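# Predicted structure and sequence below. I'll ask about it afterward.
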Amino acid sequence: MNQQETVSHREGTALVSIVLCTYNGGRYLQEQLDSLVAQTYPVHEIIIQDDGSSDNTIQIATDYASRHENIHLSVNTDKHGINSNFFSAFEKVTGDFIAICDQDDIWEPDKIADQVNAIGDRLMCSCHSQAFSDDGSFAHYDSRMPNYNLYRLLFINEIPGHTILMRKELLQLLPKEGCEIMYQTRMYDIILALVAAAHDSIAFVDKALVRHRRYQSAATYSSYSSSLPSATNALHILSWSLRHYSKMKTLTAERYTVQMNFIKNMQSTSSTCKEGIKFMELLISRRPVDFIRLVKMCLKHRFEIFHTRGKDPINIIRALLFPLTSLHYCRFLLNLPNK
C-alpha cells in the first residue's frame with residue numbers, strides 16, 4: 001500500500017482513480033502529469049494506458065511511474081482508438097471514483113477535492129474548463145452554467161471528458177446489448193453523460209478546474225466560432241438548416257435512432273428517459289403532424305434545451321425554430337466545411 005492509499009484509508013476519504021489515456025502526447029504530457037501529482041486530494045491511483053505511441057510519450061510516463069508508486073502504466077498491444085482505450089482502461093480501476101484525464105490539459109490543484117466535495121450521491125460531477133491555446137487555435141471560454149439536461153445532451157455534449165468525475169458504478173449502468181453502433185459512432189464522454197443525465201444524476205462545480213489546451217492537431221479539435229450566440233450566427237444556422245433540410249433529416253434520423261435505442265436499453269422508468277425517447281421519435285418522424293408535436297415539445301422543454309431562463313421571448317422563437325436549427329448540430333454528417 002503506497003503513501004496516498006494509506007492517507008486515504010486513514011481519513012476515510014473516497015478512493016479516486018485517475019484514468020489518463022495517451023497517444024503521441026509527449027509534447028504536453030509532462031505538464032499534465034505534474035498537475036495530477038500536485039492534487040491536494042490524495043489520489044489512490046493514476047492509470048496511464050497508452051495506445052501505441054511512436055513519440056516519447058511512453059518514456060515520459062515510465063519516468064513518472066518510476067518516481068510515483070500510485071502511477072501505473074500499460075501499453076496496448078494493438079491499436080484501440082479513443083473509445084476502446086478509455087473503456088478498457090476503466091476496467092482496471094480499483095477506486096470508488098474515476099476522474100477522466102486528457103494528455104494535454106492542466107488541472108487546477110483542487111480539481112479532485114472540489115469535485116469529491118460536490119458530487120454528493122450523484123453519479124457524475126463536472127466543472128468548467130478554461131480553454132487556452134499556444135498556437136492561435138480557436139479558444140473560447142463560456143462561463144455560463146452548462147445545460148446538462150438529457151434533452152440538451154441529445155444534441156451537443158456539454159460534459160467533456162476532461163471535466164468528469166464519476167462513480168465507478170456508473171459503468172454498470174451502461175447498456176451494451178444492441179448498442180454496438182452507439183459505441184462506434186459517439187465519443188465515450190457523451191455516452192457516459194447521457195447515462196448520468198438519464199438518471200438525473202449530474203452535479204456541477206461552478207469553477208474552472210481544468211485548463212483545456214486547444215490546438216489544431218488534437219484528435220477532437222474543431223473551431224465552433226460560427227455556433228457562438230449572436231444574431232449573425234443565428235441567421236446563418238437557420239439558413240444552413242433550410243438549405244440542407246432534406247438530406248440532414250435522413251442523416252439525423254439514423255443518428256437519433258441509434259441514440260433512442262441506447263436510451264431504451266437503459267431500461268429506466270424515469271420520466272426523463274420516457275420523455276427523451278418520445279423526443280427522439282418525433283425528431284425521426286417525417287409526418288407533418290409529428291412536426292407540429294415536435295414544435296410543441298420544444299416549447300415545453302425549451303429551458304432544458306437552451307441555456308436561457310425566464311420569459312425571454314427570444315427563447316420562444318428559438319424553440320419554434322428548433323426542429324429546423326437542431327440539424328446544424330449534426331452538420332459534420334455531410335462532411336462539409338463549417339460554413
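Looks like it arrived, so ask away. What you see is a predicted model; the values in this text were computed from it and never measured.

# Who are the contact partners of L36?
I18, L20, V43, I46, C101, W107 (CB atoms under 8 Å, 6 or more residues apart in numbering). From N, CA and C alone the C-beta is placed, and that goes for glycine too.

# Please repeat the previous calculation with a cut-off of 6 Å.
With contacts defined as CB atoms under 6 Å, 6 or more residues apart in numbering, L36 is in contact with I18, I46.

# Now it: phi and psi?
The phi/psi pair for L36 (degrees, to the nearest 10) reads phi -70, psi -50.

# Per-residue pLDDT of it, please?
In this model, L36 is scored at 98, pLDDT.

# Kindly report the same for Q3.
Q3 is assigned 41 on the pLDDT scale.

# Likewise for K249?
According to the prediction, K249 has pLDDT 94.

# Check T220 too.
56.

# repeat for Y224
pLDDT at Y224 comes out at 51.

# cool, E11 as well?
E11 is given a pLDDT of 46.

# How about L235?
At L235, the pLDDT value in this model is 90.

# ok, now the one 3 residues further on?
L238 is assigned 93 on the pLDDT scale.

# How much space separates it from H328?
8 Å (CB to CB, to the nearest Å).

# between the two, who's got more neighbours?
H328 (20 against 14; other CB atoms under 10 Å).

# Give me the three-state assignment for the more buried one.
helix (DSSP: H, G, I helix; E, B strand; the rest coil).

# Tell me which residues touch it, please.
I237, W240, S241.

# do the same with H80
H80 makes contact with D51 under the criterion CB under 6 Å, 6+ apart.

# That one - that's part of a strand, no?
No: judged by three-state DSSP, H80 forms no part of a strand; its state is coil.

# Distance-wise, check it relative to H72.
Per CB to CB, H80 is found 17 Å from H72.

# List the beta-bridge partners for the spatially closest residue to I58 that is not a sequence neighbour.
Distances taken as CB to CB, 6 or more residues apart in numbering put D50 closest to I58, at 5.6 Å, once the chain neighbours are dropped. As for beta bridges, D50 partners with T22, V75 under DSSP bridges.

# re earlier: need the contacts of H328 in TSV (columns: distance to Q172 and secondary structure).
Putting the contacts of H328 into TSV (distance: CB to CB, whole Å; DSSP: H, G, I helix; E, B strand; the rest coil) gives the following:
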residue	distance to Q172	secondary structure
I237	39	helix
W240	41	helix
S241	39	helix
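
# Might one say that L20 is in contact with I100?
No: taking contacts as CB atoms under 6 Å, L20 lies outside contact range of I100: 8.3 Å.

# Give me the more crowded residue out of the two.
Using other CB under 10 Å, the more surrounded residue of L20 and I100 is L20, with 24 against 21.

# contacting residues around the helix or strand containing the more buried one?
L20 belongs to strand 16-22 when assigned by DSSP states H and E. Strand 16-22 has contacts (CB under 6 Å, 6+ apart) with 36, 43-50, 57, 85-86, 89, 93, 95, 97-101, 103, 112.

# same check, this time on stretch 120-130
With CB under 6 Å, 6+ apart, stretch 120-130 has contacts from 115, 118-119, 141, 159, 163, 165-167, 170, 196, 201-205, 208-212.

# pull the helix or strand with minimum mean pLDDT from the chain.
Lowest on mean pLDDT, DSSP states H and E among the helices and strands of the chain sits helix 3-11, with a mean of 41.

# what packs against whichever strand or helix holds I112?
Applying DSSP H and E as the criterion places I112 in helix 111-119. Helix 111-119 sits against strand 124-132, strand 202-213, with contacts defined as 3 or more CB pairs under 6 Å, 6 or more residues apart in numbering; DSSP states H and E.

# can you give me the offset of it from its chain's centre?
Remark: helix 111-119 is offset 18 Å from the chain centroid, using CA atoms, centre = their mean, to the nearest Å.

# same deal with stretch 155-163?
Distance of stretch 155-163 from the chain centroid (CA atoms, centre = their mean) equals 3 Å.

# Just the terminal-to-terminal distance for that stretch.
Terminal residues of stretch 155-163 are spaced 19 Å apart (CA to CA, to the nearest Å).

# Okay, now the unreliable bits of the stretch 1-150 of the chain?
The stretch 1-150 of the chain contains residues with pLDDT under 70 at 1-12, 135-141.

# The protein - how does it break down into domains?
Here the domain parsing of the chain from automatic domain parsing is 3-213, 228-332.

# Now do the helices in this protein.
3-11, 26-37, 57-67, 82-90, 111-119, 150-153, 180-185, 188-198, 231-243, 245-264, 271-284, 288-300, 302-305, 313-325 (DSSP state H).

# For those helices, give me JSON lines that also has distance to N335.
Shown next, in JSON lines, are those (distance: least, CB to CB, whole Å):
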{"stretch": "helix 3-11", "distance to N335": "47"}
{"stretch": "helix 26-37", "distance to N335": "29"}
{"stretch": "helix 57-67", "distance to N335": "30"}
{"stretch": "helix 82-90", "distance to N335": "20"}
{"stretch": "helix 111-119", "distance to N335": "36"}
{"stretch": "helix 150-153", "distance to N335": "24"}
{"stretch": "helix 180-185", "distance to N335": "14"}
{"stretch": "helix 188-198", "distance to N335": "20"}
{"stretch": "helix 231-243", "distance to N335": "14"}
{"stretch": "helix 245-264", "distance to N335": "10"}
{"stretch": "helix 271-284", "distance to N335": "21"}
{"stretch": "helix 288-300", "distance to N335": "26"}
{"stretch": "helix 302-305", "distance to N335": "26"}
{"stretch": "helix 313-325", "distance to N335": "20"}
